[in-house]
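> next come a sequence and a model predicted from it.
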Amino acid sequence: MSGLRIATWNVNSIRSRLDRVLDWLDRRDVDVLAIQETKCRDDQFPEERFAEHGYEVAHVGQGAWNGVAIASRVGLDDVEVGFEGQPGFDRDAETTLIPMPVVDARAIAATCAGVRIWSLYIPNGRGLTDPHYTYKLEWLAALQTQAADWLADPDARVALAGDWNIAPTDDDVWSPEFFAGKTHTSAPEREAFQSFLDAGYRDVLRPFAPGAGVYTYWDYTRLRFPRREGMKIDFVLASPALAGEVETAEVDVAERARDGASDHAPLLVQLRAP
DNA sequence: ATGACGGCAAAATGCCGA
């Protein structure tokens, strides 16, 4: 019996990417997939198609934006939408007097074969002086507070999987200069990412793909993919116990090369057989 | 100095993305 295969993928619309996502799950023999940017309401999510391929799905959607899900063929228990203290964002704060922050569909959890999986879509930030940037940092701080607690049991098997919208080191972007003054590489964002590592979480990919030029995202424009100009912004951060079970991890870059691909490639993690 | 691609929708232009 082989070990669990866990993946994360920002699919940039599950309705546009449905056939290729299902095909990828089959081809890569994936047990659990954390999905981000489903871009649909709960009633629009194609659960039946996933069921045909043997997967149960937990989803929380927000229409055209955001949306996260977990698809599993090894059980899907204790589903949790959002995390305690998850901040909201007020889209109309600039133009309306009454604050109306909305808790975005950016976090969902489930326990699959004994692993607590979080599918996370960290806010983009937009610009260093944008309210969305403050929101991003608050969101990460609130998540870190909870995530640190999830490590109280040293045997806890926890995976924080998703689109972190942070490139933690200069090796993780094709041009550090290009991103100077922009989001994703700023010191506060990198410190926020580091705070998860300081709490004990580990980037499960880096040991298997060290150094520069390992990316999970390439902009659709400017021929970024053929020019190999990408960013490493998708991560599976694992608790120490879970990280110790990892046999190998890889970015499926070939999936990004296909016609009609998401701008993100999937990240696949293979655990050792029990 | 802005756009490019791509997706979505109170849709044929505006928004969001990183």
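Yep, it's here.
> could you check which residue of the stretch 51-200 of chain A lies nearest DNA strand B?
A:Ala64 (3.4 Å; C-beta to the nearest atom of the strand). In short, each C-beta sits where N, CA and C put it, glycine included.
> isn't that residue right up against A:Thr38?
No - applying C-beta atoms under 8 Å, one finds A:Ala64 not in contact with A:Thr38, separated by 10.5 Å.
> ok, these two, which is more surrounded?
Neighbours per residue (other C-beta atoms under 10 Å) separate A:Ala64 from A:Thr38, with A:Thr38 holding more: 30 against 10.
> and the closest residue to the more buried one other than its chain neighbours, how many neighbours does it have?
Among residues not flanking A:Thr38 along the chain, A:Gly67 sits closest, at 3.4 Å (C-beta to C-beta, 6 or more residues apart in numbering). The tally of other residues near A:Gly67 (other C-beta under 10 Å) stands at 29.
> A:Thr95 now?
Counted with other C-beta under 10 Å, the neighbours of A:Thr95 add up to 6.
> that one in helix, strand or coil?
For A:Thr95, the assignment made with DSSP: H, G, I helix; E, B strand; the rest coil gives coil.
> next up, phi/psi of it, please.
The phi/psi pair for A:Thr95 (degrees, to the nearest 10) reads phi -120, psi -10.
> hmm, whichever strand or helix holds A:Ile6 touching DNA strand B?
Using DSSP states H and E, A:Ile6 maps to strand A:5-10. Yes - interface with DNA strand B: strand A:5-10 contributes A:Asn10 (C-beta under 7 Å from any atom of the strand).
> list the buried residues of the following helix or strand past that strand.
Per DSSP H and E, the first helix or strand lying C-terminal to strand A:5-10 is helix A:14-27. By 16 or more other C-beta atoms under 10 Å, the buried positions in helix A:14-27 come out as A:Ile14, A:Arg17, A:Arg20, A:Val21, A:Leu22, A:Trp24, A:Leu25.
> what do you get for stretch A:146-158?
For stretch A:146-158, using 16+ other C-beta under 10 Å, the buried residues are A:Ala147, A:Trp150, A:Ala156, A:Arg157, A:Val158.
> do you know how far the nearest residue to the third one once chain neighbours are set aside is from A:Gly114?
The one in question is A:Ala156. Excluding the flanking residues, the one nearest A:Ala156 by C-beta to C-beta, 6+ apart is A:Ser239, at 5.1 Å. Taking C-beta to C-beta, to the nearest Å as the measure, A:Ser239 falls 12 Å from A:Gly114.
> give me the more crowded residue out of these two.
Per other C-beta under 10 Å, whichever of A:Ser239 and A:Gly114 has more neighbours is A:Ser239, with 25 against 12.
> any idea how far that one lies from A:Arg116?
In terms of C-beta to C-beta, A:Ser239 sits 8 Å off from A:Arg116.
> who touches both of these two?
Contact criterion C-beta atoms under 8 Å, 6 or more residues apart in numbering; residues shared by A:Ser239 and A:Arg116: A:Trp150, A:Ala156, A:Arg157, A:Val158, A:Ala159.
> give me the common contacts of A:Ser239 and A:Gly114.
A:Arg157.
> for the stretch 1-150 of chain A, which spans come out with low pLDDT?
A:1 (pLDDT under 70).
> which parts of chain A are helices?
A:14-27, A:47-52, A:131-149, A:176-179, A:187-199, A:240-243, A:253-257 (DSSP state H).
> could these go into JSON lines alongside distance to DNA strand B?
Shown next, in JSON lines, are the helices of chain A (distance: least, C-beta to the nearest atom of the strand, whole Å):
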{"stretch": "helix A:14-27", "distance to DNA strand B": "4"}
{"stretch": "helix A:47-52", "distance to DNA strand B": "14"}
{"stretch": "helix A:131-149", "distance to DNA strand B": "6"}
{"stretch": "helix A:176-179", "distance to DNA strand B": "8"}
{"stretch": "helix A:187-199", "distance to DNA strand B": "11"}
{"stretch": "helix A:240-243", "distance to DNA strand B": "25"}
{"stretch": "helix A:253-257", "distance to DNA strand B": "11"}
